[in-house]
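A.B. asks: one predicted model, sequence on top.
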Amino acid sequence: MHDLKKVIIFHLLKAIIMIECMRKSLKLICVFANLLLLFCCFGSRTFAQSFNYKPVSNAPSFMTSFNEKKGLDNMLRNKKFVNITSYLPKGYDRTGKTDYTDHIQKALYEKKNILMPNFPILVNDKGLDILSNTTLAFQAKSKILLKPSVKTHYDILRIHDENNVKIFSPKIVGDRKQHKGKEGEWGMGISVRSSSNVHIINPQISDCWGDGIYLGQNGQKISRNISITHGLLDNNRRNGISVISVEGLRIENIVIANTNGTNPQAGIDFEPNNNKEQLKDVTVRNIYTFNNKNQGIFYCLNQLNGGAEAVSISLENHLDNYSKNAIAIMNVDNIAKAKNGNIQALQGVLKFKNVEGKNNQVHLLIFDGSNLEGLDVSFDSVNKHNLKTKGSMQGVSLIK
């Protein structure tokens, strides 16, 4: 799109120069008419992708601070950790320019308590598998850098079909600024699928081709008892966190900012892929979403229609600043079938308490055609007089 913009500008300037030289007003009108046609066909899509990155500021008072040094010191006192430097070759590179994927993976296969080196380290798009009963800790200057990839899919850290995993203060930088391809949206910083008892503490994940963190499932096995606490997810391309399927999730005290690049472009996106997946017992508390391209938090529940399981998500203490929409809800698929009694309409609870938007186009967006009649959707401690809404509020209760 950026190339197209340059082409249009080039031909515009060229036409003006030629016409000025020719001084024939009729040709000037024709040239501008054609350029207007080009803009109508392509320009809106070109300029719709504009995005202004903003450094995070004005975090709300309900966010609690995190002492990384104290947390790491406590872990090191209570467990014996193996520093990955013992697996690196002699004279190892400390600049993050040498690919040590295989060395790190060997350590992760052989040891359970792993301490990342206190300097940046490069991995390739094979990513790293984290096994059950592993604790992986990052130091203050630890950082995983992804080697530029052409792949549409990658997982930098992968927790699939595993149990009892703790990742402390992971600092991960994806390849979106140097990605070699143009396709895809599935490059993840941390991917958790069909796993249980996984705790991600103070993640600092940026520049991923897809999501900062992805929570889903493989086959029929749902992820259970997952927590993501503290940290910053910044400038990821698709979503800060994608929540696809989970039972028992806690997200607390985290900042999700500047998500932009490919839809949905949300801070947190709740979006199951089919009605066999679930969103149950989800608690989101003390969240600051900032300058995300589309939504601060997005509830895209279309695919759950017709499923036997009810959705249950609670959001308490949420401030969005500068995202287009602070909160958006969409539940539009299969509405006609639901009304005709052919399938079961989505049931469950969406609770909101003390949520606020600033510098948004809309605070609460209900997408056209959404059916919320089977859901208990309630907003508590909200000033309804200052609440900018768009879409039908049928089925939504506002409690002061």
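C.D. replies: Nice, thanks for sending it over.
A.B. asks: mind pulling up the pLDDT for the spatially closest residue to residue 177 that is not a sequence neighbour?
C.D. replies: Spatial nearest neighbour of residue 177, chain neighbours left out: residue 207 (5.9 Å); criterion: CB to CB, 6 or more residues apart in numbering. Quick note: C-beta positions are derived from backbone N, CA and C, even for glycine. Residue-level confidence at residue 207 comes out at 98, pLDDT.
A.B. asks: next one: residue 257
C.D. replies: Reported pLDDT at residue 257 in the predicted model: 98.
A.B. asks: wouldn't it be in contact with residue 296 here?
C.D. replies: No: under the criterion of CB atoms under 8 Å, residue 257 is not in contact with residue 296, lying 10.0 Å apart.
A.B. asks: any residues in contact with both of these two?
C.D. replies: Common neighbours of residue 257 and residue 296 (criterion: CB atoms under 8 Å, 6 or more residues apart in numbering): 267, 289.
A.B. asks: quick one, which of those two is more surrounded?
C.D. replies: Each of residue 257 and residue 296 had its neighbours counted (other CB atoms under 10 Å), and the higher figure belongs to residue 296 (32 against 27).
A.B. asks: quick check: which element contains the more buried one?
C.D. replies: strand 295-300 (DSSP states H and E).
A.B. asks: how distant is whatever helix or strand comes next after that strand from the center of its chain?
C.D. replies: Taking DSSP H and E as the definition, the helix or strand that follows strand 295-300 towards the C-terminus is strand 311-321. Taking CA atoms, centre = their mean, to the nearest Å, one finds strand 311-321 lying 15 Å from the centre of the chain it belongs to.
A.B. asks: domains in this protein, by residue range?
C.D. replies: Under automatic domain parsing, the residue ranges defining each domain of the chain are 1-50, 65-399.
A.B. asks: go through these and name the closest to residue 59.
C.D. replies: Of all the domains of the chain, domain 65-399 sits nearest to residue 59, with 5.3 Å by CB to CB.
A.B. asks: next, the buried residues of the host helix or strand of residue 233.
C.D. replies: Residue 233 is part of strand 232-234, with elements assigned from DSSP H and E. For strand 232-234, a neighbour-count test (16 or more other CB atoms under 10 Å) marks 232, 233, 234 as buried.
A.B. asks: give me the neighbour count for the residue nearest to residue 105 when sequence neighbours are not counted.
C.D. replies: With sequence-adjacent residues excluded and distances taken as CB to CB, 6+ apart, residue 105 is closest to residue 128, at 5.7 Å. Under the neighbour criterion other CB under 10 Å, residue 128 is assigned a count of 18.
A.B. asks: check which element follows the helix or strand containing residue 108 along the chain.
C.D. replies: When elements are assigned from DSSP H and E, residue 108 belongs to helix 101-110. Next along the chain after helix 101-110, taking DSSP H and E as the criterion, comes strand 113-115.
A.B. asks: what's the average pLDDT for that following strand?
C.D. replies: If you average the pLDDT values across strand 113-115, you get 98.
A.B. asks: coming back round to it: who's in contact with the strand holding residue 233?
C.D. replies: Outside strand 232-234, the residues that touch it by CB under 8 Å, 6+ apart are 56, 189, 203-206, 212-213, 240-241, 254-259, 267.
A.B. asks: can I get the buried part of these as one ChimeraX selection?
C.D. replies: For the buried members of the contacts of strand 232-234, the matching ChimeraX selection, counting by 16+ other CB under 10 Å, is:
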select :189,203,204,205,206,212,213,240,241,254,255,256,257,258,259,267
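A.B. asks: so which of the contacts of strand 232-234 are in strands?
C.D. replies: Cross-referencing these against strands under DSSP state E gives 189, 204-206, 212-213, 240-241, 254-257, 267.
A.B. asks: what's the helix or strand containing residue 284 packed up against?
C.D. replies: Remark: residue 284 resides in strand 279-290, with elements defined by DSSP H and E. Packed against strand 279-290 by the contact rule (3 or more CB pairs under 8 Å, 6 or more residues apart in numbering; DSSP states H and E) you find strand 239-243, strand 246-257, strand 266-270, strand 295-300, strand 311-321.
A.B. asks: now do 7 Å
C.D. replies: Contact partners of strand 279-290 among helices and strands, from 3 or more CB pairs under 7 Å, 6 or more residues apart in numbering; DSSP states H and E: strand 246-257, strand 266-270, strand 311-321.
A.B. asks: what would the ones you listed look like in a markdown table with distance to residue 177?
C.D. replies: Putting the helices and strands packed on strand 279-290 into a markdown table (distance: least, CB to CB, whole Å) gives the following:
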| stretch | distance to residue 177 |
| --- | --- |
| strand 246-257 | 16 |
| strand 266-270 | 20 |
| strand 311-321 | 24 |
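A.B. asks: I appreciate the help and will end here.
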